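Engineer: Quick check, what structure comes out for this input:
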Amino acid sequence: MAARRGDVHVDALVAVHLDLAPFDRPADPARRREEFGRGEIVAAVRRVDEVQDDGLAGAQPDRARVEIEIGERDLDGPGLGLNRGRGGEQGERKQQTGAHDDLLILPPAPRLIEQMRACAYSQGRAQTVLASLGRSGEEASMPAAIPPALREAAKVSKAWPYEEARKLLKRYPDGPPAGGIVFETGYGPSGLPHLGTFQEVARTLMVRHALAELVDWPSRLIAFSDDMDGMRKVPPGVPHQDMMHAHLDQPLSKVPDPFGCGHDSYADHNNGILRQFLDRFGFDYEFLASSDCYASGRFDAALKSVLRHYEAIMEVMLPTLGEERRKTYSPVLPISPRSGKVLQVPIEVVDAESGLVAFEEEGERIEQSILSGGAKLQWKVDWAMRWVALGVDYEMSGKDLIDSVTQSSKIARILGARPPEGFNYEMFLDENGEKISKTKGNGVTIDEWLAYAPEESLAFYIYRDPRKAKQLSFSIIPKAVDEYAQFLAAYPDQEWHKRLGNPVHHVHAGAVPPARMPISFALLLNLVAVASTDDKKLLWGFVRRYAPEASPETHPELDRLIDFALAYFRDFIADSLRHRPASAMEAAALRDLDARLALLPGDADAETIQTEVYEVGKAHPFESLRDWFRALYEILLGTDQGPRMGSFIALYGIANSRKLIAEALARE
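Structural biologist: Numbering: from 1, shown residues only. The predicted model follows:
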C-alpha cells in the first residue's frame, strides 16, 4: 500500500492510537444517508502506524499513516457543500487518484481532536471518525475551473451574493493580496448555536463561492468564536444553574461544561456543536477561538497598537456612552489575577510596547501585561482589532449592529487598516415577532430544523431575502421544503442568467443535483393525516400508486422525507386538526364531486382529477374557487390550507377519497 503524494495538504500530523471496532457500512443506501449524512467522508480507523515508506520517513517523523475504509460519498443526493466543502474536496480527490486506494493521511491533530470531542462524534458510534480533510492552517483555497458562460453571467447577475462579491473586486482592483481574500463570521458562545448563528456562515460562504465564479482568487473563511467574553448572566434552561452562577464574569472559555459531556468548558461545548453542524453541511472554514488567539500571542501586535492609540480609541467610544458609563469605561478588560474574572475597570497605559497596564482591584493597584491572555478587549474594539490582526476583507452582520460596525470601522482605521466589506442583514424573528436570542433560547435550533426537514431546505430558507426580516419558526418548515423542490425542478431548463438567480445554485455552490422528488412535503403531510398511520410501508403503498417508479431503494430522499412528514405531523399537526361539518351548499358540491370521481378509472392521473374538482367548484354557487378549495381542506382534511386536490386524491386513491367524502357528509 503506497502513500499518495500531493493530494492532501499536510502539516504537523501526529499518530493517533484508537481501539476501534470494524467499520460496519450498511448496504442499504437510505441507511447510509441516514447514518453518515451527505457530502461527507466517513472513515473507520483500522490501524495507526508510523509512516516508514521512502516518501515520508525521516524528514517528517511526526507524520502518520492510517489504514481506513472510506464510506460512500452521496454523489447523487442533494448534499450541501458550499465551495465544495472539506468532505466534497476529499471525495473529488478520491475520484482523481483511485477510488479503491484506502491509505489516508489524517488532518492536523488539533482539528481531528476538535472533531472527535464534539458530542455527536463521541456518542453512539465511537468507531467512526468524520474525516473532514480540508486544508489546514491558513492556506487559502483556489476556486475550481468555472465555465466561461457562467462567469459572464455572474458578472452582471443581480443575485445578492454576486453584488456582495463585486465589492471585493472594487476593493482590490489590481488583484487579491498575497494571502488571498479573508472572509470572517463571528459567534458568541453564550448560548447554544441557533439558526441565526448558522445563517451568517452559510450566507458568507455563498458570497465566497460567488467570488470564485467571478474571478480565480484564493480565499478562506474564518469562523471565529468570541469565547473570551465574560459570562454576564446564565442562560435559562442550562443545567447546573448554581454552578453556572458561581462562575459569572469569568471568560466563557473558563466556565465548566454544565452538560457533563467531557468538554473543557461551556464555550468548548457550544463551539463543538457549532462545528458539528458546519461540518455536517460540508462547509469549508477555519475555526478560531478568541481564547486561543489571545493566549497564543496571535493578537499581541494588534493589542500593542491598541495601547499606542488608546486615547484616539477613547475619543471614538466615549461619545457613544452614557454619562455614568463614561466614568468607568475602558476598551481593555484585564483578567483578574485573583478570580480569573473579566474586569470592567478603568485602566492606565503604563508601557504600550510591553503591553503593560495598571488598574485597581479591591483597592489594590495592579500592573499587568495584557498580552498572551492577560486581558481581552471590549467587543467593539475587539471586533476592530480582530479585523486588523486577521486581515479580514469581508464580514456581514445583523441590522442591529449597524452602529457597532460604524464604531469598529473607525477604530480599524485608527489602527491603520481598512475595514472589511459587508452588509447588514435583517434579523430572524420568532413566532411572536421578537428577535431571536441565543441567551433567551427562543426560535428554532439547527438540530430542531433538521429533525423535521432535510439540510438543503434550511440553506434554501437562509439564502432568500437576507435584507428582509423573516420569521424563523416551525410553521415555515413545510413551505421551505416545497419551495426548495420547486426551484430545484426549474433549474435544469433555465439559462445561466436565470440559474444564477435561482437559490439552489447558491445552496449547492453550483453543483446542483437533479430533482427527484415526485411528491411535495405538503402532500405527504396530508397523506399522513388522512391515513392515520405511522406505518411507512402503508404510506409507501399510497406513494407507489401516485409515483409507480419510486421506492425506498430508488428514492431514498423521498423515504427520508416520509420520516420527516411523520415527525412533523406528530409534533405540530395532529392535535390541531379540526374537521368542520359541511353547509347545505357545500354538501351538494361534495356529492357532485363524489359522483364525478365514481365515473373516473381508479388510476386516473392528478390532472384529470383536478379538472373535475375545478368543474364542481364552478358548478356550485361559491363566491370564488378559493372558497371551494378551502371548504375541501376544512371539511375533508381538518385544516385551512392544503395541496392541489387532484394530486392528493391521486395519491390517496379515488376509493379512499370517496370514503373521506362519505365520512364528511355523515357529520352534517
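Engineer: Surely residue 662 touches residue 594?
Structural biologist: Yes: with contact defined as C-beta atoms under 8 Å, residue 662 counts as touching residue 594 (7.4 Å). (C-beta placed from N, C-alpha, C; glycine too.)
Engineer: Quick one: mean pLDDT for stretch 629-648?
Structural biologist: For stretch 629-648, mean pLDDT is 92.
Engineer: what comes up buried for it?
Structural biologist: Within stretch 629-648, the residues scored as buried using 16 or more other C-beta atoms under 10 Å are 629-639, 642-648.
Engineer: more crowded one of residue 662 and residue 594?
Structural biologist: Neighbour totals were compared for residue 662 and residue 594, and residue 594 leads with 19 against 12 (other C-beta atoms under 10 Å).
Engineer: So for whichever strand or helix holds that one, mean pLDDT?
Structural biologist: Here residue 594, judged by DSSP states H and E, is contained in helix 584-599. What helix 584-599 shows for mean pLDDT is 96.
Engineer: which residues touch that helix?
Structural biologist: Outside helix 584-599, the residues that touch it by C-beta atoms under 8 Å, 6 or more residues apart in numbering are 582, 609, 612-613, 615-617, 619-622, 628, 631, 635, 649, 654, 657-658, 661-662, 664-665, 668.
Engineer: Who are the contact partners of the residue nearest the centre of the chain?
Structural biologist: Central residue of the chain (C-alpha atoms, centre = their mean): residue 198, 4.3 Å from the mean position. Contacts for residue 198 (C-beta under 8 Å, 6+ apart) come out as 274, 277-278, 446, 458, 462.
Engineer: From those residues, which shows the smallest pLDDT?
Structural biologist: Lowest confidence among the contacts of residue 198: residue 277, with 73.
Engineer: The closest residue to that residue other than its chain neighbours: how many residues sit nearby?
Structural biologist: Among residues not flanking residue 277 along the chain, residue 446 sits closest, at 4.8 Å (C-beta to C-beta, 6 or more residues apart in numbering). Neighbours of residue 446 under the rule other C-beta under 10 Å: 23.
Engineer: Over to stretch 534-553 now: how far is its first residue from its last?
Structural biologist: 19 Å (C-alpha to C-alpha, to the nearest Å).
Engineer: Equivalent analysis for stretch 394-401, please.
Structural biologist: One end of stretch 394-401 to the other measures 15 Å (C-alpha to C-alpha).
Engineer: mean confidence score for it?
Structural biologist: 94.
Engineer: And that stretch, what's buried?
Structural biologist: Within stretch 394-401, the residues that qualify as buried are 394-398, 401, counting by 16+ other C-beta under 10 Å.
Engineer: List the buried residues of stretch 483-499.
Structural biologist: Buried, per 16+ other C-beta under 10 Å, within stretch 483-499: 483-485, 487-488, 491, 496-497, 499.
Engineer: now stretch 515-531
Structural biologist: Counting neighbours by 16+ other C-beta under 10 Å, one finds that the buried residues in stretch 515-531 are 515-531.
Engineer: pull the CA atoms of that stretch into CSV?
Structural biologist: Extracted C-alpha coordinates of stretch 515-531, given in CSV (Å, rounded to 0.1, in the frame of the first residue of the first chain):
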residue,chain,number,x,y,z
ALA,A,515,-34.8,17.0,-9.0
ARG,A,516,-36.0,13.6,-7.9
MET,A,517,-38.9,14.3,-5.5
PRO,A,518,-42.2,13.2,-7.1
ILE,A,519,-44.4,14.3,-4.1
SER,A,520,-44.4,17.5,-2.1
PHE,A,521,-43.9,17.7,1.6
ALA,A,522,-47.4,19.3,2.0
LEU,A,523,-48.9,16.4,0.1
LEU,A,524,-47.1,13.9,2.4
LEU,A,525,-48.4,15.7,5.5
ASN,A,526,-51.9,15.5,4.3
LEU,A,527,-51.5,11.8,3.4
VAL,A,528,-50.2,11.1,6.9
ALA,A,529,-53.2,13.0,8.3
VAL,A,530,-55.9,11.1,6.5
ALA,A,531,-54.2,7.7,6.6
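Engineer: any idea what sits nearest residue 421, other than its immediate chain neighbours?
Structural biologist: residue 167 (4.2 Å).
Engineer: what stretches of this protein score poorly on pLDDT?
Structural biologist: Residue ranges of the chain with pLDDT under 70: 1-139, 141-143, 193-194, 436-443, 668.
Engineer: make it 50
Structural biologist: Filtered on pLDDT under 50, the chain yields the residue ranges 1-137.
Engineer: Pull up the gap between the residue lying closest to residue 309 once chain neighbours are set aside and residue 155, please.
Structural biologist: Nearest non-adjacent residue to residue 309, counting by C-beta to C-beta, 6+ apart: residue 414, 5.1 Å away. According to C-beta to C-beta, to the nearest Å, residue 414 stands 36 Å off from residue 155.
Engineer: Check residue 567 too.
Structural biologist: Taking C-beta to C-beta, one finds residue 567 at 44 Å from residue 155.
Engineer: contacting residues for the nearest residue to residue 404 once chain neighbours are set aside?
Structural biologist: Spatial nearest neighbour of residue 404, excluding adjacent residues (C-beta to C-beta, 6+ apart): residue 380 at 5.4 Å. Residues in contact with residue 380 (C-beta under 8 Å, 6+ apart) are 317, 404, 407-408, 411.
Engineer: likewise residue 476?
Structural biologist: So residue 476 contacts 461, 470 (C-beta under 8 Å, 6+ apart).
Engineer: Mind doing that once more with 10 Å?
Structural biologist: 431, 444, 449, 457, 461, 470, 483 (C-beta atoms under 10 Å, 6 or more residues apart in numbering).
Engineer: Just the buried ones among these, please.
Structural biologist: In the contacts of residue 476, burial by neighbour count holds for 444, 449, 457, 461, 470, 483, counting by 16+ other C-beta under 10 Å.
Engineer: Format those residues as CSV; extra columns: distance to residue 563 and secondary structure.
Structural biologist: Below are the buried ones among the contacts of residue 476 laid out as CSV (distance: C-beta to C-beta, whole Å; DSSP: H, G, I helix; E, B strand; the rest coil):
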residue, distance to residue 563, secondary structure
444, 19, coil
449, 15, helix
457, 14, helix
461, 20, helix
470, 26, strand
483, 20, helix
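Engineer: on that earlier part again, off-centre distance for whichever strand or helix holds the residue nearest to residue 421?
Structural biologist: Here residue 167 sits within helix 160-171, counting by DSSP H and E. Relative to its chain's centre, helix 160-171 lies at 22 Å (C-alpha atoms, centre = their mean, to the nearest Å).
Engineer: what does stretch 622-640 give?
Structural biologist: That offset, for stretch 622-640, works out to 37 Å (C-alpha atoms, centre = their mean).
Engineer: okay, how far is it across it, tip to tip?
Structural biologist: End residues of stretch 622-640 are separated by 16 Å (C-alpha to C-alpha).
Engineer: Repeat that for stretch 590-606.
Structural biologist: Stretch 590-606: ends 18 Å apart by C-alpha to C-alpha.
Engineer: Stretch 155-166 too?
Structural biologist: Using C-alpha to C-alpha, first and last residues of stretch 155-166 are 8 Å apart.
Engineer: buried set for it?
Structural biologist: 157, 159-162, 164-166.
Engineer: Ok, stretch 602-610 next?
Structural biologist: 604, 606, 609-610.
Engineer: Kindly reformat those as JSON lines containing secondary structure and distance to residue 340.
Structural biologist: Converted to JSON lines, the buried residues of stretch 602-610 look like this (DSSP: H, G, I helix; E, B strand; the rest coil; distance: C-beta to C-beta, whole Å):
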{"residue": "604", "secondary structure": "coil", "distance to residue 340": "73"}
{"residue": "606", "secondary structure": "helix", "distance to residue 340": "66"}
{"residue": "609", "secondary structure": "helix", "distance to residue 340": "70"}
{"residue": "610", "secondary structure": "helix", "distance to residue 340": "68"}
